[in-house]
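Peer 1: Next comes the sequence, and after it the predicted model I'd like to discuss.
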Amino acid sequence: MENYPTNKAITKGEIADYWFEDGILVSMSKSIKRTVPLIAANVDLVKQLTNNTPVPLLIYLKSSPVPDAETRRFSATKLPEIYSAMAMVAQPGLSKFIMNILFSLQKPPIPMKSFTNAQQAKAWLKKISQ
């Protein structure tokens, strides 16, 4: 798993910490149960970081408790407001598990792909964000 960079400004949030690398917003997920208020606060935080413009996101996932159905629905509706695409880096199986929980009944509202390798994730984001 990625370590925090020492040469970047890091913005700390309740569910994740953020920094920018090569035009990509990078997120280090935290192991906390997502709720509607936490997701709403995180959306506001990301909008501040990105000047209210959807950006590609590279997220390092950590295991966290499964959110309730209302939180999953709310999260799915907010994704396109803040991200243009999402690459998830996680241990094998974790991101697939999360994708299945969040989007089992509908397709993701933005391009999403899971990776076990951060360099491959960054390359994919750059390719689809051109």
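Peer 2: Great, that's in hand.

Peer 1: Can you pull the poorly scored residue ranges out of this structure?
Peer 2: For the chain, the stretches with pLDDT under 70 are 1-2, 93-106.

Peer 1: in it, which spans are helices?
Peer 2: Assigned by DSSP state H, the helices in the chain fall at 36-49, 69-82, 94-103, 118-128.

Peer 1: what is the orientation angle of the first one with helix 69-82?
Peer 2: In other words, helix 36-49. Relative orientation of helix 36-49 and helix 69-82, computed by axes from the mean of the first three to the mean of the last three Cα atoms, to 10 degrees: 10 degrees.

Peer 1: Now helix 36-49: buried residues?
Peer 2: Across helix 36-49, burial judged by 16 or more other Cβ atoms under 10 Å covers 36, 38-39, 42-43, 45-46, 49. Backbone N, C-alpha and C define where each C-beta goes, glycine included.

Peer 1: can you pull up the bridge partners for the residue nearest the centre of the chain?
Peer 2: In the chain, the residue lying closest to the centroid (Cα atoms, centre = their mean) is Ile59, at 4.5 Å. Taking DSSP bridges as the rule, Ile59 bridges to Ser27, Met88.

Peer 1: who's in contact with it?
Peer 2: Listed by Cβ atoms under 8 Å, 6 or more residues apart in numbering, the contact partners of Ile59 are 16, 26-29, 86-89.
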